[in-house]
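Engineer: I'd like to go over a predicted model; first the sequence, then the structure.
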Amino acid sequence: MPLWLRLAFKECLHHRSFSFFFALNLALGLFGLVAIDTFKTAIQADLSLRSRAILTADLSVSGIRPLSEAEQQQLQQTLQQALPTGAQLQQTTERTLYSMVRSETASRLVDLQAVEDHFPLYGELELQQQGLVNGQSAKRLNTAPEVWVYPEVLAQLGLKLGDSLQIGEQSFVIADVVQKDVGTSGIGFRLAPRVYLGQRWLEATDLIQPGSRLSYYQLYRLPADIAVASVAEALREKMVDNRDLRIRTHTEASEDLLRSLNNLNDYLGLVALVALFLASIGATYLFRSFLFQRSREIAVLLSLGLSPRAIWALYLAQLLILGTFAALLALVFARLLLPVLPWLLGDFVPPALDLRLNLRLFALAVLLGLGGSLFFCLPLLRYLNNLRPAVLFRENAQPTLRFGWRGLPAYLPALLLYGGLAVWQSRSWWIGSLLTLAFVLAGSLLALGAYGLLKACERLLSGGGLALRLAIRSLARQPVASVSAFIAIGLAVLLLTLIPQLRNGLLAELDYTSTQAPALFLFDIQDDQPEALKSFLQKQQAPLQTLYPMVRMQLTHIKGQKLSRQNPADASRMTREQRRQASLQDRRHNISSRQDLLPSEQLMAGRPFSGTYDWAREAPAELSLSQDLAEELKVKVGDRLDFDLQGVAVAGEVANLRKVRWTNFEPNFRILIQPGVIDDAPKTWIGTVAALPDDRKIALQQALVQAFPTLSIIDVSHLIVQVLRILGQIATILQGMSLIVLLAGFAVLYAIASYQAHERVPEVALLKVLGSPFGLIRRVVMLEFALLSTLAAGSGALAGLATASAINVWVFDSSPWVWEPLLPLGLVLGCVLLGVMVGLISTSRVLATPPQRLLGG
Amino acid sequence: MSTQQVILAARHVHKGFVMGGQKIEVLKGLDLQLLAGETLAILGPSGSGKSTLLGLLAGLETPDSGEIALRGEVLSELDQAALTRYRARYLGIVFQQFHLMRHLSALENVMLPLEIAGQSGRTVRQRAVELLEQVRLGHRLDHYPHQLSGGECQRVAIARALSPEPELILADEPSGNLDQETGEQVMGALFEMVRAQGRSLILVTHNPEQAMRCDRQLHLQHGQLV
């Protein structure tokens, strides 16, 4: 083993306290990222293992219309060509639709799944009566009017097994209850529980009307040795012009599911990055103090003939050893604490996740650990060149490393590393760069604030007692230590203030909305029903609040440029923005038509619609786009958009851009088209009924379902409750992660405090020799840490409130701002107590040492 | 003596420092010759430039003008890597404040210069043990500096300085931090080993008695050796 490596090991072992704190500090920062990645990997593994059972097939072709005869033939031909001769292809069809079902006393929205006998091609359902059911099991769904329902359907409609359930015009017998479903990921929340029925009985319900929001699935099970992706590719090539048909493999289906969860993971990851950043600041400070203390011995090594390169290698090796140790420690923390995560995340995760650590995670942790320690600490090694070993010959001088501000540019790679990590974590150049910039800005402002506040305190408190004067001098005259600790605590408190403040803002917004929100949301209103519905509701003394037509149109061209089908295989390599834009281009848009803006809308650019569309002019129809959609599609007023409306080309031109307040639960649309354009198109209507007392609401819903069986109804208050619950859960998770940030912040404070205490040994000894009572010295320490914690936490809390208020105004555009002073005040108070405790603990040994020992060295 | 080889030569060495905006000339055209196996004492009051001279002779600093040559090689013409090799191969340094590596045992401290010079294996350990036994610390091999007395630390430092068998030992007040009795013991050990191994020695000291144990004595006055 080379000498430098041996010396590095010895340094790590000999300076156990430094090694431990360095690694612990970094491990705290790494823990969050490691935990999130473990969680992400476990979900990925779970979904990929169950991907066929989730799609219930190898391959699906789906759309919102039935496949034409020609398309069916083309599909079959292509599949046969892709398969070896004689290979068996199993297939089945499925139709799904949201609809109301009712019992004698109640009704509710359900997710209807109309299946054939071969369902499911993969996986199995667990039914209460029949037990496990797969594609081969005998089923009566297609022979008798029977349904399998989710347990909540029974509970909510007051039904039991064997009772009848009305779906549209057909009554069904509840034959079984689904205990464990196939084709669901277990992730996220469901808008409605499922009800299974036979394909042939769907027609009998009479729910299929023009404009019905029905989805058609053609599902295939391929022979085991066939590459599903290449078959899907062949299909996509053949059906390149059928953009409204969606071809998905089982892996793409599970990736789609993962993507929704990834958004939460990404934001958690960004908070975890803050913890890593703070931990890196702490590690830098610790290493800086360590190098400073090692100055003399480094000089001795140089004087003994060890080359500067070997010294570099020595400390580089030490950083590598400690970085690896930190990674291992983070993995241990993750192993111990990960079992809590599914409990915290609740609905967001599938049950029974395998949260074991693996080699990839180990590699990631080590890589991040090494990155964190090397990028932040390596710049310090350049100061080794300034060390003057000749000072060893001087009687009253020691060779010491001098660190200066001029070395700051050397931290640019560290900043780039964090920028890169932020982009990687958020999978968005925009969010990643914004976060990095916000970080630099917040860090710089806090640093400047810290410096200014300390200098101001030094001046203002110069007339105070001795303890206060000594405390403030100590803080102000060791600016690197004070400012580092200030930034660490300040940033942690900023985050801890920001997250609940934003959550409270959103909750207040939803709470405010819920008092004005409609009672019921009615959709799937057929084109011939509005008048009858209006008079029905009039009679019920619950008039329609709003009623708007709705068509689904596929975007075909943007500014004259044809949009092509997005290959889902590329999606995993896309950034968040690219994916979002691709999905916007690929998606069918719900488009409505009205002349005037709603109170929740504001005209931002362009002009209102000129009136009813004049067919004689043959000009493009006027469009009104929500501002966010216009930004995503990169269009402005005057740009042209072309759509496909059930085979008919519709040309549009952006006439204006609107700002929409989405949280108001009104039927808002991202695209509005000039009145007169879709009057004759096959469409449905969407409407709302104003707030009603609960008992009247239930009775009205029941009456509506009986009178209009094809109508779908959402109880808005239930929806708000669900949204609030999920929002609360997300906030709790983010808050939990922020606590890790605070912990990392205090670890930094402890690290700095204990090293400062060590460096101040002679000063404390001198105070004792000069006759300062022990109480005075302890008071100095307490005041110092109380002052630092108050200033840092106070600045962090103020910055957090300011940021939350700015986000509220500029991003959410919310009006009800909730000022909650108790939380930031509590945080500041908690930080001060914790800070004083940390100060006393970290300096206790130095304070208790007799002065003669301290001076004797 | 004149037939002996000159091991170290300093010619017209000037060295100064800028302090408070003023240049202070410490060494003013200093000349020095040291023969192989010769021991030389340099005496001088505090601030006379002894430490500066030692720093220059050790190749840790460079003269403003003039030259220092060890075994005929001019130090200022060597690059950093060659200077490092020069220190490892030809120089042993004993500091007033011992400057032992705190996290290395006595034995490891003595082995260190040999390992720096690229040696390894049993012979390195054997040589270090022998040297520590010669300074009567054979029973303290695995003790760390904080477990040793000041005199013991300095004896470890002497053993360390001699371990790579350097041709020249630079000793900076080796007994300066020790009481008189311990100091004499330490100096006894130093002279004994230097003479036994036939090394050259430059001893910087305040102590005229210790200086007299050297072959030659020079005084550093007004930046020159007299």
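Structural biologist: Looks like it came in fine. Numbers count the residues shown, from 1 in each chain, chains lettered A, B, ... in the order given.
Engineer: Does the residue in chain A that chain B sits nearest to lie in a helix or a strand, and which?
Structural biologist: Minimum separation of chain A from chain B (CB to the nearest CB) falls at residue A:305, amounting to 2.6 Å. Glycine gets a C-beta too; all of them are placed from N, C-alpha and C. In this structure, residue A:305 sits in neither a helix nor a strand according to DSSP states H and E.
Engineer: And for residue A:793?
Structural biologist: With elements taken from DSSP H and E, the one containing residue A:793 is helix A:774-807.
Engineer: how distant is the helix or strand hosting residue B:14 from the center of its chain?
Structural biologist: Following DSSP H and E, one finds residue B:14 within strand B:6-19. Here the centre of mass of C-alpha atoms in strand B:6-19, compared against the chain's by CA atoms, centre = their mean, to the nearest Å, lies 16 Å away.
Engineer: before we move on, back to that, in contact with the residue lying closest to the residue of chain A closest to chain B once chain neighbours are set aside, which residues?
Structural biologist: Once its chain neighbours are removed from consideration, residue A:305 has its nearest residue in residue B:88; the separation is 2.6 Å (CB to CB, 6 or more residues apart in numbering or on different chains). For residue B:88, the contacting residues are A:304-306, B:113, B:116-117, B:164, by CB atoms under 8 Å, 6 or more residues apart in numbering or on different chains.
Engineer: swap in residue A:740?
Structural biologist: By CB under 8 Å, 6+ apart, the residues touching residue A:740 are A:28, A:31-32, A:272, A:275.
Engineer: Now do the SS call for residue 204.
Structural biologist: I went with chain A, as the question did not name one. Reducing the assignment to helix, strand or coil with DSSP: H, G, I helix; E, B strand; the rest coil, the entry for residue A:204 is helix.
Engineer: other chain: chain B
Structural biologist: Under the three-state scheme (three-state DSSP), residue B:204 adopts strand.
Engineer: Surely it touches residue B:176?
Structural biologist: No - with the criterion set as CB atoms under 8 Å, residue B:204 and residue B:176 do not qualify as a contacting pair; they are 9.3 Å apart.
Engineer: Neighbour count for those two, which is higher?
Structural biologist: Between residue B:204 and residue B:176, residue B:204 has the larger neighbour count (other CB atoms under 10 Å in any protein chain shown), namely 25 against 16.
Engineer: tally of neighbours for the residue of chain A closest to chain B?
Structural biologist: Other residues lying near residue A:305 total 25 when counted by other CB under 10 Å.
Engineer: How about residue A:284?
Structural biologist: The number of residues near residue A:284, taken as other CB under 10 Å, comes to 24.
Engineer: Enumerate every residue touching residue A:606.
Structural biologist: Shown in contact with residue A:606 (CB under 8 Å, 6+ apart): A:624, A:637, A:654-657.
Engineer: follow-up on the earlier one: report the buried residues of the helix or strand that the helix holding residue A:793 is followed by.
Structural biologist: Stepping forward along the backbone from helix A:774-807, the first helix or strand reached (DSSP H and E) is helix A:822-848. Along helix A:822-848, the positions that meet the burial threshold by neighbour count (16 or more other CB atoms under 10 Å in any protein chain shown) are A:823-824, A:827-828, A:831-832, A:834-836, A:838-839, A:842-843, A:846.
Engineer: Just the angle for helix A:822-848 relative to helix A:774-807, thanks.
Structural biologist: 150 degrees (axes from the mean of the first three to the mean of the last three CA atoms, to 10 degrees).
Engineer: what helices or strands is helix A:822-848 leaning on?
Structural biologist: In terms of contact count using 3 or more CB pairs under 8 Å, 6 or more residues apart in numbering or on different chains; DSSP states H and E, helix A:822-848 is assigned the packing partners helix A:479-516, helix A:716-759, helix A:761-769, helix A:774-807.
Engineer: Can you lay out these as a markdown table showing mean pLDDT?
Structural biologist: As requested, the helices and strands packed on helix A:822-848 are exported to a markdown table (pLDDT from 0 to 100):
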| stretch | mean pLDDT |
| --- | --- |
| helix A:479-516 | 75 |
| helix A:716-759 | 72 |
| helix A:761-769 | 66 |
| helix A:774-807 | 84 |
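Engineer: Tabulate those helices (TSV), appending distance to residue A:336.
Structural biologist: Below are the helices and strands packed on helix A:822-848 laid out as TSV (distance: least, CB to CB, whole Å):
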stretch	distance to residue A:336
helix A:479-516	22
helix A:716-759	14
helix A:761-769	36
helix A:774-807	29
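Engineer: Next, count neighbours for residue 101.
Structural biologist: By default, I'm working from chain A. A total of 27 residues lie near residue A:101 under the criterion other CB under 10 Å.
Engineer: right idea, wrong chain: chain B
Structural biologist: Using other CB under 10 Å as the criterion, the residues surrounding residue B:101 number 21.
Engineer: residues touching it, list them.
Structural biologist: Neighbours of residue B:101 in contact, by CB under 8 Å, 6+ apart: A:297, A:300-301, B:108-109, B:112, B:145.
Engineer: Just among those residues, which is most surrounded?
Structural biologist: The member of the contacts of residue B:101 surrounded by the most neighbours (other CB under 10 Å) is residue B:109, with 27 neighbours in all.
Engineer: Is that residue in a helix, a strand, or coil?
Structural biologist: State at residue B:109, reduced to three classes by three-state DSSP: helix.
Engineer: Likewise for residue B:157?
Structural biologist: Per three-state DSSP, the local secondary structure of residue B:157 is helix.
Engineer: Now it: closest residue in space, sequence neighbours ignored.
Structural biologist: Take residue B:157 and drop its neighbours on the chain: the residue closest to it by CB to CB, 6+ apart is residue B:98, 4.7 Å away.
Engineer: mind checking the SS state of the one you found?
Structural biologist: Reduced to three states with three-state DSSP, the structure at residue B:98 is coil.
Engineer: Based on its surroundings, how many neighbours for it?
Structural biologist: 23.
Engineer: Quick one: the helices in the stretch 301-450 of chain A, in order.
Structural biologist: In order along the chain, the stretch 301-450 of chain A carries the following helices (DSSP state H, counting those that start in this stretch): A:308-337, A:340-345, A:359-381, A:412-426, A:429-460.
Engineer: mind putting the ones you listed in JSON lines, distance to chain B, mean pLDDT and mean neighbour count included?
Structural biologist: Shown next, in JSON lines, are the helices of the stretch 301-450 of chain A (distance: least, CB to the nearest CB, whole Å; pLDDT from 0 to 100; neighbours: other CB atoms under 10 Å in any protein chain shown):
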{"stretch": "helix A:308-337", "distance to chain B": "7", "mean pLDDT": "89", "mean neighbour count": "20"}
{"stretch": "helix A:340-345", "distance to chain B": "39", "mean pLDDT": "69", "mean neighbour count": "15"}
{"stretch": "helix A:359-381", "distance to chain B": "16", "mean pLDDT": "83", "mean neighbour count": "20"}
{"stretch": "helix A:412-426", "distance to chain B": "25", "mean pLDDT": "83", "mean neighbour count": "18"}
{"stretch": "helix A:429-460", "distance to chain B": "27", "mean pLDDT": "85", "mean neighbour count": "16"}
